[in-house]
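Enquirer: Compute the structure for the input listed below.
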Amino acid sequence: DYSDGVFIVNEDWYGHQNSTVNFLTNQGEWIYRAFQKENPGRELGCTTQFGTIYGNRFYFVSKQERDPGAKITGSRFAVCDASTMEVIKEFPYIATTTKTDKNGKETLISIADGRSYLPVDEHKGYIGTSNGIYVFDNDNLTIGGQIKGTGNPNDEGYGQLYYAQIGTMVRANDYIFAIHQQYGLLVIDPKTDTLVRTIKAPLEKDESGKEEQRGFGSIVLSKDGNLWISVAKDVQGLGAAMNYMLKLSPYTFEMERVYFPEGIEYIPNSWYAWTADGFCASTKENKIYWNGYPPTQGSWFTGYRIYCYDIDKKQFSMVYDVTKMPGNWRLYGTGFRIHPVTDDLYCFLYHEFQDPTHELARISSTGELRNEYSMIQNYWFPAIPVFPDNEAPVISSAMPEDIVLPGIGEEYKLYLGDKVCDKDNMSVSIVKSVITCDNPLSAFVRNDSLVLKATDPVKEGNVTL
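Expert: Numbering: from 1, shown residues only. This is a model prediction of the structure:
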């Protein structure tokens, strides 16, 4: 029963085998290589770094379609049934071009390695890659074109240290916010799939007085509906982080700096071997968490401590120090994610790259070690936990059954942010839209509010929305 536990998407052993997915039941039992188990003869691609569940579909994004040491060709993008893990559709390529050699032979080559995926609504999603954002038609299971302005200016979508990649994407309010390694924060209108705004990272003077272009690392939506952005020291992809993060309102685009006090480690970034950064938010409390970046002792793929920022109280704290556990453990890569119902942290632990010993630790939001789940030996290199989506959104009893409109041309607004909830998700991340509406009535959702307006003279009567 894949609704009763947590999925762990693994990079697995590069150079030897394709990526894998393990499943840990709520009873503490491991189901290893669940994707292969439910799809005999099939495998994921090489270095699967991202997975997400939406509408009972599980979406996996891999960097390439096949590991150099694997016997089976997998996919860069795969869609599965989230309940059964059975494959619905696989895509070995996200975008391609053809090359012609001196003999006139044409070869199909990839121009976009996989990175992340964002479900936009029930009909479509965005695939983030090393070369821009591509629109996925969820109804017809097809990959469309690249959103203009999101791509990589280098030939064939590649470059040193994967120059100009797309990283994390979130939907907030009426827009999609996507982190671009070079350009900054891309703001996209999901109705038209167009780039409407680009917010660059700060331009600041370094220690020598020389101006240096900062970069963005990752982005998180917090429970209060605001966006939080980690800041990289530069856009070169070398991993150094800045001593502050940015708070951005998706309604007003007002931006605020929040500096890390002494003793609080910075938020890492991972452009030079992209992973979903160790930066996430609780769905239960207005708090954000991250896997600390200790420049004197680790890097983006090795952390030791998890930190928290209480947004309401404006307080920083260290949640857990892995070095206090027996066994000389470290946090790997993304490091952890937070369970949407229990608020527990699910953390990836390993010793060192040459040691195939891994375990998953479950830690409470107050820093209590609840359980350790040891694993069979393998170079798993976990990428990201993915929690099943078991609850449907519920419309509140506060939603009015009847609305009386004002005069012609006057707008009626109804705030929807408190009219629907989801037990295993954030209310602010729920997408609302008008499905049907009888004319002559203008009806749409803007800034998380239903806006109604009579556009023509009408007789008294009822309109069904």
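
Enquirer: can you pull the contacts of the residue nearest to the spatial centre of the chain?
Expert: Nearest to the mean C-alpha position of the chain, by Cα atoms, centre = their mean, lies T168 at 4.9 Å. By Cβ atoms under 8 Å, 6 or more residues apart in numbering, the contact list for T168 reads 116, 128, 178-179, 218-220, 276-277. Backbone N, C-alpha and C define where each C-beta goes, glycine included.

Enquirer: likewise N447?
Expert: Counted by Cβ under 8 Å, 6+ apart, N447 has contacts 173-174, 251.

Enquirer: any idea which helix or strand carries the residue nearest to the centre of the chain?
Expert: strand 166-172 (DSSP states H and E).

Enquirer: and that strand, what's its mean pLDDT?
Expert: Averaged over strand 166-172, pLDDT sits at 97.

Enquirer: Report how many residues lie close to S218.
Expert: 26 (other Cβ atoms under 10 Å).

Enquirer: pLDDT value on it, please?
Expert: For S218, the model assigns a pLDDT of 96.

Enquirer: buried ones in the helix or strand hosting it?
Expert: Element membership for S218 (DSSP H and E) is strand 215-221. Using 16 or more other Cβ atoms under 10 Å as the test for burial, strand 215-221 gives 215-221.

Enquirer: Name the nearest of those residues relative to T455.
Expert: Distance to T455, by Cβ to Cβ, is smallest for L221 among the buried residues of strand 215-221, at 33.8 Å.

Enquirer: Apart from its neighbours in sequence, what residue is nearest the closest one?
Expert: V170 (4.8 Å; Cβ to Cβ, 6 or more residues apart in numbering).

Enquirer: hey, what's that neighbour bridged with?
Expert: F177 (DSSP bridges).

Enquirer: Enumerate every residue touching it.
Expert: Counting by Cβ under 8 Å, 6+ apart, V170 makes contact with 118, 176-177, 219-221, 227.

Enquirer: try 10 Å
Expert: V170 makes contacts with 118, 176-179, 218-221, 227-228, 250, 281, 429, as judged by Cβ atoms under 10 Å, 6 or more residues apart in numbering.

Enquirer: neighbour-wise, which of the residues you listed leads?
Expert: Neighbour max across the contacts of V170 (other Cβ under 10 Å) = I179, 29 neighbours.

Enquirer: I'd say that residue and K200 touch.
Expert: No. In this structure I179 lies outside contact range of K200 using Cβ atoms under 10 Å: 11.9 Å.

Enquirer: Mind listing the shared neighbours of these two?
Expert: Shared contacts of I179 and K200, counting by Cβ under 10 Å, 6+ apart, come down to 185, 215-216.

Enquirer: ok, the contacts of V170 vs V420, which is closest?
Expert: S429 (11.0 Å).

Enquirer: Can you list the low-confidence ranges for the protein?
Expert: 155, 157, 159-161, 295-300, 458-459 (pLDDT under 70).

Enquirer: what about the closest residue to I264 other than its chain neighbours, neighbour count?
Expert: The shortest distance from I264 to any non-neighbouring residue, by Cβ to Cβ, 6+ apart, is to F316 (4.8 Å). Neighbour count for F316, taken as other Cβ under 10 Å: 15.

Enquirer: swap in the one 5 residues further on?
Expert: D321 is flanked by 12 other residues according to other Cβ under 10 Å.
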